[in-house]
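# Kindly return the folded structure for what I paste below:
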Amino acid sequence: MFENKFDLKDGKLVVAHIIVAFLALLIGGIAGLLQTLVKSGTVKLPYGIGYYELLTAHGVLMAIVFTTYFIIGFLYSGISYTLGGKLLPIVNRMGWLGFGLMTVGTALGVAMVLTGKASVLYTFYAPMKASPYFYIGLALLVVGSWISGWGIFYQLKYWKKTHQGKLSPLFAFMAVITFLMWQIATIGVAAEVLIQLIPWSFGWVETINVMLSRTLFWYFGHPLVYFWLMPAYMCWYVIIPKIIGGKIYSDALARLSFILLLLFSIPVGFHHQLMEPGISSFWKYLQVVLTFMVVVPSLMTAFSLFATFEINGRAKGAKGLFGWIKVMPWKDVRFFAPFLGMLIFIPAGAGGLINASNQMNAVVHNTLWVTGHFHLTVATSVALTFFGITYWLLPAVTGRVLTKRMNKLGIIQTIIWCVGMFFMSGAMHLVGLFGAPRRTAFTTYEGNADAASWMPYYVFMAIGGTVLFIGVLLMVYNVFALLRAPKGVTEYPIGEAMEQAGETPAYLDRWSVWISLSVALILIAYTVPLMDMIMHPGVGSKGFITW
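Model prediction:
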């Protein structure tokens, strides 16, 4: 009889989230494969299926559903393990309630997309108008995620109450920061959906303030990127040191980097709207400056990680600047997949600096370069890290073990994913520099010579998409195989900080200070522009259904 270290009741909640996440990955992967084949002119969709239905389904399922479910499942597992060894009964119930609302909302929204009633893409920009039930589904998804987040907050509050004067565990601290950012950021999209889009789509109001709706979306849309990234950072900071047999370089540095991400990831949405009229250049400039401040915690993370690798390597006898490479566990998928995610985040982050720069953004805006950038960040750095987490998370919460065969399949899946993304994202970046637009189906632009020169890149995108879909199938197979793996005990790998790192200052754990600073920065960056959009809304726009 095996005695599992993780509470199996909490494990069921985690597994439910992970299963839905990977089912979303599978359906979104099918839509993504068909997209690339259509865009290259390889296939024509049968049965009246629309290209933009697929594009919307792919974006919503991959960027919102897969990531949100996985993140909540991962964070709930970590707070269960680090804050008392199990979730409080009320927190467990909140987790299931949030899961239920999210699932109802997801099912409703995806049904509207797949039945052709919401082909408005993942950004659902007005004045394109979807069925009101699509927006209701989005609202349920957001509200469900809020309830799950409140559960995390409650668990930490109870732990702090029963551990007076103690610093919160690093994983729990990061989980709360991540969901604080999510709760603050989703206020924007919730306001857009509830106040603007639902009344407009039901016909209760005739027109919509397009500029205001896009601004509210990007108030949420850019922090969404860091909602994806911060759990990956949590793995890199807290989990990977334990897996490689080392220790966290600095607890204080890790906490400070997450605080800075909270402060600078929300008041920066205008850098997605640099090409839009109606926003003063001053406010765009201010938010671009704040955008570049996010580089600081990212560089802090890179420094901390590679310091951890080097110190661990030297402890094992490695010498020289890169000697640590020889002693890393390259044959362990729990390390291999997240490490490749880290490595690929270097060019992904450089691309983000280009997108956030006014002059360079003018060159790549609304081209496939931007799509390629998204696929390097969320679809590679984040996805590979999530895949690596899965190989220990599911065994840990279900009382099973990762076998050598499953580990080998994980290594193969990781390599397949990287090869597919090399072809697809590489082609997107290159053809984007030549001006190829995103959000478009196959077209020759009436035989235009420039458009004809893009076609070889579209073929490479289709090749990459096909390879990636093989990676999706293998990953989904691996997930369900892990649930049937041999029974045993798998450690939940939480790292410890180095003794010589020094004591973490207590002020880093003072939530009121950092929340207040975050709110202040948001008010500075958004109050005047939003008031101007509300006070001078223009004529507004009626809804358009173009499919």
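
# For the closest residue to residue 60 other than its chain neighbours, what are phi and psi?
Setting aside the residues directly before and after it, residue 60 is nearest to residue 122 in space (Cβ to Cβ, 6 or more residues apart in numbering), at 5.3 Å. Where C-beta positions appear, they are placed from N, C-alpha and C, glycine not excepted. Residue 122 adopts backbone torsions of phi -70, psi -30, taken as degrees, to the nearest 10.

# CA-only coordinates of the helix or strand encompassing residue 185 in CSV, if you can.
According to DSSP states H and E, residue 185 maps onto helix 170-191. C-alpha atoms of helix 170-191 as CSV (Å, rounded to 0.1, in the frame of the first residue of the first chain):
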residue,chain,number,x,y,z
LEU,A,170,7.4,31.4,-2.0
PHE,A,171,5.1,29.4,-4.2
ALA,A,172,2.0,30.6,-2.3
PHE,A,173,3.3,34.2,-2.5
MET,A,174,3.7,33.9,-6.3
ALA,A,175,0.3,32.3,-6.7
VAL,A,176,-1.4,35.1,-4.9
ILE,A,177,0.5,37.8,-6.9
THR,A,178,-0.5,36.0,-10.1
PHE,A,179,-4.2,36.0,-9.2
LEU,A,180,-4.1,39.5,-7.9
MET,A,181,-2.9,40.6,-11.3
TRP,A,182,-5.6,38.5,-13.0
GLN,A,183,-8.4,39.9,-10.7
ILE,A,184,-7.3,43.5,-11.3
ALA,A,185,-6.8,43.0,-15.1
THR,A,186,-10.1,41.2,-15.8
ILE,A,187,-12.0,44.1,-14.4
GLY,A,188,-11.4,45.7,-17.8
VAL,A,189,-12.7,42.9,-19.9
ALA,A,190,-15.6,42.3,-17.5
ALA,A,191,-16.6,45.9,-17.9
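
# How confident was the prediction at the spatially closest residue to residue 321 that is not a sequence neighbour?
Leaving aside its sequence neighbours, residue 321 sits nearest to residue 310 (Cβ to Cβ, 6+ apart; 7.8 Å). Residue 310 is assigned a predicted lDDT (pLDDT) of 94.

# Which residues are in contact with residue 310?
Contacts here follow Cβ atoms under 8 Å, 6 or more residues apart in numbering; on that basis residue 310 touches 318, 321, 324.

# got the phi/psi numbers for residue 400?
phi -130, psi 180.

# Sticking with the residue nearest the centre of the chain, tell me its helix or strand.
The chain has residue 228 as the residue nearest its centroid, 2.2 Å off, counting by Cα atoms, centre = their mean. According to DSSP H and E, residue 228 maps onto helix 210-234.

# Against which helices or strands is that helix packed?
helix 67-82, helix 170-191, helix 251-265, helix 383-398, helix 511-535 (3 or more Cβ pairs under 8 Å, 6 or more residues apart in numbering; DSSP states H and E).

# Kindly present those helices as CSV, with separate columns for distance to residue 460, mean pLDDT and mean neighbour count.
Putting those into CSV (distance: least, Cβ to Cβ, whole Å; pLDDT from 0 to 100; neighbours: other Cβ atoms under 10 Å) gives the following:
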stretch, distance to residue 460, mean pLDDT, mean neighbour count
helix 67-82, 26, 97, 26
helix 170-191, 34, 96, 22
helix 251-265, 33, 95, 22
helix 383-398, 20, 97, 26
helix 511-535, 39, 95, 15
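
# Tabulate those in TSV, adding columns for distance to residue 47.
Compiled in TSV, the helices and strands packed on helix 210-234 are given as follows (distance: least, Cβ to Cβ, whole Å):
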stretch	distance to residue 47
helix 67-82	29
helix 170-191	32
helix 251-265	42
helix 383-398	30
helix 511-535	42
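
# Can you check which of those gets nearest to residue 222?
Closest of those to residue 222 is helix 251-265, at 6.8 Å (criterion: Cβ to Cβ).

# mind listing what's buried in stretch 45-58?
Residues 51, 52, 53, 54, 55, 56, 57, 58 are the ones in stretch 45-58 that count as buried (16 or more other Cβ atoms under 10 Å).

# and the third one, what is it in contact with?
Listed by Cβ under 8 Å, 6+ apart, the contact partners of residue 53 are 113, 114, 116, 119, 547.

# what's the answer for the first one, then?
Contacts for residue 51 (Cβ under 8 Å, 6+ apart) come out as 35, 38, 39, 45, 441, 442.

# which phi and psi does residue 484 have?
When quoted as degrees, to the nearest 10, the phi and psi of residue 484 stand at phi -110, psi 10.

# how much space between it and residue 477?
From residue 484 across to residue 477, the span is 11 Å (Cβ to Cβ, to the nearest Å).

# Of those two, give the one with the bigger neighbour count.
Neighbour tally, residue 484 and residue 477, criterion other Cβ atoms under 10 Å: the higher count belongs to residue 477, 13 against 8.

# thinking again about what came up before, lowest-confidence entry in the contacts of residue 310?
Lowest pLDDT of the contacts of residue 310: residue 321, 85.
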